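Engineer: fold the stuff below for me.
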Amino acid sequence: MSWQFLSAVAVLGLVLLLVGLLIWVLERRRNAEQFGGPASQGIGNGFWWSAVTMTTVGYGTGALLGRGVKRVKAVHWNKELGLAQAMWVLEADNMGPFIVESDLAGNSLFERENAKISANLAKVYEGTVPAVLKRFGETDDRSDEMIG
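Structural biologist: As a prediction, the model looks like this:
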């Protein structure tokens, strides 16, 4: 193994430990069930929390909160969408906070916020130089954006 690889692993471990320590300091009283107890246990849980959260995309929080699930009561899905898009009915203790995608009327909160972002996105491109790495898909053409 190279020195650069070992250095990168050491830096990642240090970052995870520092974030875990910070989470433990901030959460040990408010979330004693997960981060309470002896300092070594709370810091260890903070380290684990930071590792799962920082090294996963999207499902990291679900992996952490899944410990609060007592049992799965039912799963409803259309086979065309796959299991990840299922409606899960869970019996759980101490789960949350959750990110909610829509309001009670069914309006998408993500779409509402994306509309706000898209309205001002043209300002980001004002005065930019033409794309240098066009052969790698870089663009300054607003019509190529995927947001919106």
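Engineer: can you list the domains in this protein?
Structural biologist: 3-55, 68-98, 109-144 (automatic domain parsing).
Engineer: need the winner for burial among the ones you listed.
Structural biologist: domain 3-55 (a mean of 15; mean count of other CB atoms under 10 Å). For the C-beta atoms, the positions are set from N, CA and C on the backbone; glycine is no exception.
Engineer: tabulate the domains of the chain (TSV), appending mean pLDDT.
Structural biologist: Shown next, in TSV, are these (pLDDT from 0 to 100):
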stretch	mean pLDDT
domain 3-55	87
domain 68-98	72
domain 109-144	73
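Engineer: remind me, longest strand of this protein?
Structural biologist: strand 69-76 (DSSP state E).
Engineer: contacts for the helix or strand just after it next, please.
Structural biologist: Using DSSP states H and E, the helix or strand that directly follows strand 69-76 along the chain is strand 87-92. By CB atoms under 8 Å, 6 or more residues apart in numbering, the surrounding residues in contact with strand 87-92 are G68, V69, K70, R71, V72, K73, A74, V75, H76, W77.
Engineer: between those residues, which is closest to L104?
Structural biologist: Ranked by distance to L104 (CB to CB), these are led by H76 at 20.2 Å.
Engineer: the helices in this protein, which residues?
Structural biologist: 3-27, 32-35, 39-54, 60-65, 109-125 (DSSP state H).
Engineer: what is the mean pLDDT for the fourth one?
Structural biologist: Mean pLDDT, taken over the full extent of helix 60-65, equals 54.
Engineer: contacts only, for the closest residue to R29 other than its chain neighbours.
Structural biologist: Among residues not flanking R29 along the chain, G36 sits closest, at 7.9 Å (CB to CB, 6 or more residues apart in numbering). Residues near G36 by CB under 8 Å, 6+ apart: R28, R29, G42.
Engineer: what's the neighbour count on M1?
Structural biologist: 6 (other CB atoms under 10 Å).
Engineer: how much space between it and A10?
Structural biologist: 12 Å (CB to CB, to the nearest Å).
Engineer: do F47 as well
Structural biologist: 14 Å.
Engineer: now do R30
Structural biologist: Taking CB to CB, one finds R30 at 31 Å from A10.
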